[in-house]
Each structure stands twice: as structure tokens, then as C-alpha cells.
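> 3D model of this:
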Amino acid sequence: MPVLFSLPSVLGRTIRLTEERWALIVTKKHPVMHGRVALVRLAILDADFVVQSRTARGS
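Below is the predicted model of the structure:
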């Protein structure tokens, strides 16, 4: 599975986005995000606000 990016979050976790997952996001969930993967990457690197999930794996 090709990885579009793998970045550290401000909480110290690794955020990884695969091409397969991105395709699902832009075709089914959020089509307005098509062509905006660079903006998602920037948002992770320079987040204004972060909420840590109480139910996410590894929390």
C-alpha cells in the first residue's frame, strides 16, 4: 500500500496516509478535498487545535 505521507503529530504520534485511504476520503467522504492533500499535510504539521481521542488505539 503506497504511503502519501507519514508525519509526526504535535502529540508525538505518527500520522500516516495511504493512497487507498486518501482515495476513499476524496471519493466517498469529502470530495471537496480532492487535490488538497498538501493542505492536509500542512494542517498536521502546523495544527491550530488538537483533540486527543479517548478511544483511539494507543491512547
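> Every contact and neighbour count from this point should use C-alpha atoms.
OK.
> Now the phi/psi pair for the residue lying farthest from the centre of the chain, please.
What lies farthest from the middle of the chain is residue 54; by CA atoms, centre = their mean that is 17.9 Å. Note on residue 54: backbone dihedrals following degrees, to the nearest 10 are phi -80, psi -10.
> so how far is residue 23 from it?
27 Å (CA to CA, to the nearest Å).
> Repeat that for residue 51.
25 Å.
> Please apply the same query to residue 10.
Taking CA to CA, one finds residue 10 at 25 Å from residue 23.
> What count of nearby residues applies to residue 4?
Counted with other CA atoms under 10 Å, residues neighbouring residue 4 total 15.
> what comes into contact with the helix or strand where it lies?
Per DSSP states H and E, residue 4 falls inside strand 3-8. Residues outside strand 3-8 that contact it (CA atoms under 8 Å, 6 or more residues apart in numbering): 14, 15, 16, 17, 18, 19, 41, 44, 45.
> just stretch 23-32 next, same as before
33, 34.
> Show me what counts as buried in it.
residue 26 (16 or more other CA atoms under 10 Å).
> Just the C-alphas of that stretch, formatted as PDB.
Below are the C-alpha coordinates for stretch 23-32, written out as PDB (Å, rounded to 0.1, in the frame of the first residue of the first chain):
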ATOM      1  CA  ALA A  23      -9.000   7.800  -2.500                       C
ATOM      2  CA  LEU A  24     -11.800   6.800  -0.100                       C
ATOM      3  CA  ILE A  25     -11.800  10.200   1.500                       C
ATOM      4  CA  VAL A  26     -12.000  12.200  -1.700                       C
ATOM      5  CA  THR A  27     -14.500   9.900  -3.500                       C
ATOM      6  CA  LYS A  28     -16.900   9.000  -0.700                       C
ATOM      7  CA  LYS A  29     -16.500  11.100   2.400                       C
ATOM      8  CA  HIS A  30     -15.100  14.500   1.500                       C
ATOM      9  CA  PRO A  31     -15.000  15.100  -2.300                       C
ATOM     10  CA  VAL A  32     -14.300  18.800  -1.700                       C
END
